[in-house]
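Peer 1: here is a sequence with its predicted model. Questions after.
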Amino acid sequence: MERTEALNQLIRVGSDAVGMGLVQASGGNLSCRLDDNTVVITGKGTWLDRLTPDSFARITLSGEVLEGPKPSSEWKLHTRTYEVRSDARAIIHLHPQYTLLVTALGHPVRFITQDHAFYVGSYGQTKYYTNGSDELAETAAEQVASGAHDVVVLGNHGISALGDSVESAFRKALNMEEAATMTYRALLLGDTGTVFPAEELAKLRHQ
């Protein structure tokens, strides 16, 4: 993706994510792949609702800083995922409250609506690892390497969503959190099994 457009899209997503309550203060980080070996990623300590083009570092997949500020401490989470998923063009890492609460309590997030099932459908999960650690980056990458999942719940921490564009990655993050919110409300009503019909999902994917 062309760099200026990538930065503009990431800046919009950062503002929207904070406005929707999906991340607080300097939590979360965003990136976009520019080419096979180069990404732009939010700088260390940046607030996602205050991003400017100067808020981003341009780095290689090995972590070499080519331009800009020191990258987010989560840069390995992004680059390792890009290494195992050549189709990933953008990664959105946020801290959505309902997803984290429901999974921390041991409940699976259920996909109840058409959009949740179609845009997300499944997710991987890791236990808690310290942010920025090799363990977090490696286990998250393992969860998406096969292509079975595009969203990973990082235990007691956040989620990582990848897509073939900034928009698609953010859409998956939004639908994941909405699914978790609906799961939470279903649990309050005593429902533990309702999901979107699998046969209908199969039809949607073949349209």
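Peer 2: Yep, that arrived.
Peer 1: going forward, measure contacts and count neighbours with C-alpha atoms only.
Peer 2: OK.
Peer 1: for the protein, which segments count as helices?
Peer 2: With DSSP state H as the criterion, the chain has helices at 3-19, 75-84, 97-104, 114-119, 134-144, 166-188, 198-205.
Peer 1: just say which of these is most tucked in.
Peer 2: Among these, helix 75-84 has the highest mean neighbour count (mean count of other C-alpha atoms under 10 Å), at a mean of 23.
Peer 1: residues making contact with that helix?
Peer 2: 31, 33, 41, 61-63, 88-89, 91, 132-134, 136-138, 140-141, 144-145 (C-alpha atoms under 8 Å, 6 or more residues apart in numbering).
Peer 1: for Pro53, which of the helices of the chain is the nearest?
Peer 2: Pro53 lies closest to helix 3-19 among these, at 6.2 Å (C-alpha to C-alpha).
Peer 1: what's that closest one packed up against?
Peer 2: Counting contacts by 3 or more C-alpha pairs under 8 Å, 6 or more residues apart in numbering; DSSP states H and E, helix 3-19 packs against strand 29-35, helix 166-188.
Peer 1: tell me which strands the first one pairs with, and in which orientation.
Peer 2: When pairs are called by DSSP bridges, strand 29-35 turns out to pair with strand 38-42 (antiparallel), strand 90-94 (antiparallel).
Peer 1: and Pro197, which of the helices and strands packed on helix 3-19 is closest to it?
Peer 2: helix 166-188 (14.6 Å).
Peer 1: ok, back up a step: in TSV, list the helices and strands packed on helix 3-19 along with distance to Lys76.
Peer 2: Listed next are the helices and strands packed on helix 3-19 as TSV, based on distance: least, C-alpha to C-alpha, whole Å:
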stretch	distance to Lys76
strand 29-35	11
helix 166-188	18
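Peer 1: just the CA atoms of the worst-scoring helix or strand of the chain on mean pLDDT, as PDB, please.
Peer 2: The weakest-scoring helix or strand in the chain, judged by mean pLDDT, DSSP states H and E, is helix 198-205 (a mean of 84). Below are the C-alpha coordinates for helix 198-205, written out as PDB (Å, rounded to 0.1, in the frame of the first residue of the first chain):
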ATOM      1  CA  ALA A 198     -23.500 -23.200  10.500                       C
ATOM      2  CA  GLU A 199     -25.500 -24.100   7.400                       C
ATOM      3  CA  GLU A 200     -26.500 -20.500   6.800                       C
ATOM      4  CA  LEU A 201     -22.900 -19.400   7.100                       C
ATOM      5  CA  ALA A 202     -21.900 -22.000   4.500                       C
ATOM      6  CA  LYS A 203     -24.400 -20.500   2.100                       C
ATOM      7  CA  LEU A 204     -23.100 -17.000   2.700                       C
ATOM      8  CA  ARG A 205     -19.600 -18.000   1.900                       C
END
